[in-house]
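> Dropping the sequence and predicted coords here.
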Amino acid sequence: MENKYYEMNIAGCIRRLPRIRITDSMEIASFVLLGDAELVVKAAAELVKKVPEVDYLITAEAKGIPLIQEMARILDMKRYFVARKSVKPYMIDPFVTEVYSITTQKKQILCLDREESNMIRGKKILIVDDVISTGESLKAMESLVEKAGGKVAGKAAILAEGDAAKRKDIIYLESFPVFPVTASR
Ligand SMILES: O=P(O)(O)OC[C@H]1O[C@H](OP(=O)(O)OP(=O)(O)O)[C@H](O)[C@@H]1O
């Protein structure tokens, strides 16, 4: 029978990732960190061992949020940053960056409150995410940090998907493949 799951060991947790068709020619294994309290805690504990010393951590909403919270707790950091994907009413004078995504072929924005972007200026920043795949999200976050005047000191994720695993500029715990689908299937 066709294997509909991809099973992997992530930070000592065995997870069966459902395989999902995303295009006519491609399936991916779906990794959803939200709600997985055990994996958040264990992956954060492993990831903090690998990352450089920085002033702040940043992620983009949404799935990186529990991970960055737990990493900040372990590192005894009192503050971290979550870039939002749209401007929110609480943002007074929002700091917005616009990035063109090759994969989705559209513009996406990342926003911080101005006070947050001011805090980043001149600081060493670690970008955190749950997964790095095409790298588009990472690129958007790098752009945000740099435009805010911060220095990207590292880029870390729990998983590197597909070709991302070949990258030398990212820190990750495990890699996992994408699954090309042949026309006959
Ligand atoms: O390297 P990439 O190809 O950019 O893919 C990785 C990104 O995609 C996922 O987020 P998604 O865009 O699904 O947003 P969400 O966390 O808000 O669900 C994931 O959490 C990463 O942020």
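Done, it's in. Numbers count the residues shown, from 1 in each chain.

> which strands and helices sit next to the worst-scoring helix or strand of the chain on mean pLDDT?
One helix or strand of the chain scores below all others by mean pLDDT, DSSP states H and E: strand 95-101, with a mean of 85. Strand 95-101 is packed against strand 106-112, helix 114-120, helix 136-147, with contacts defined by 3 or more CB pairs under 8 Å, 6 or more residues apart in numbering; DSSP states H and E. Just so you know, the C-beta spots here come from the backbone N, C-alpha and C atoms, and that holds for glycine as well.

> Measure how the first one sits relative to helix 136-147, angle-wise.
Right, strand 106-112. Strand 106-112 and helix 136-147 are oriented at 50 degrees to each other (axes from the mean of the first three to the mean of the last three CA atoms, to 10 degrees).

> how many degrees apart are strand 106-112 and strand 95-101 in direction?
150 degrees.

> Neighbours of the nearest residue to Arg19 once chain neighbours are set aside, how many?
Once flanking residues are discounted, Arg19 sits nearest to Glu27: 4.8 Å by CB to CB, 6 or more residues apart in numbering. The number of residues packed around Glu27, counting by other CB atoms under 10 Å, is 19.

> what residues are up against the most centrally placed residue in the chain?
Among the residues of the chain, the one closest to the centroid is Asp129, at 1.8 Å (CA atoms, centre = their mean). By CB atoms under 8 Å, 6 or more residues apart in numbering, Asp129 lies in contact with Thr59, Ala60, Lys63, Gly64, Leu67, Ser137, Leu138, Met141, Ala156, Ala157.

> Mind putting those into CSV with pLDDT, distance to Lys85 and neighbour count?
As requested, the contacts of Asp129 are exported to CSV (pLDDT from 0 to 100; distance: CB to CB, whole Å; neighbours: other CB atoms under 10 Å):
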residue, pLDDT, distance to Lys85, neighbour count
Thr59, 98, 12, 26
Ala60, 96, 7, 24
Lys63, 95, 12, 17
Gly64, 96, 12, 27
Leu67, 98, 17, 25
Ser137, 93, 10, 26
Leu138, 95, 14, 21
Met141, 97, 11, 25
Ala156, 98, 20, 24
Ala157, 98, 18, 26
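
> Sweet, I'm off.
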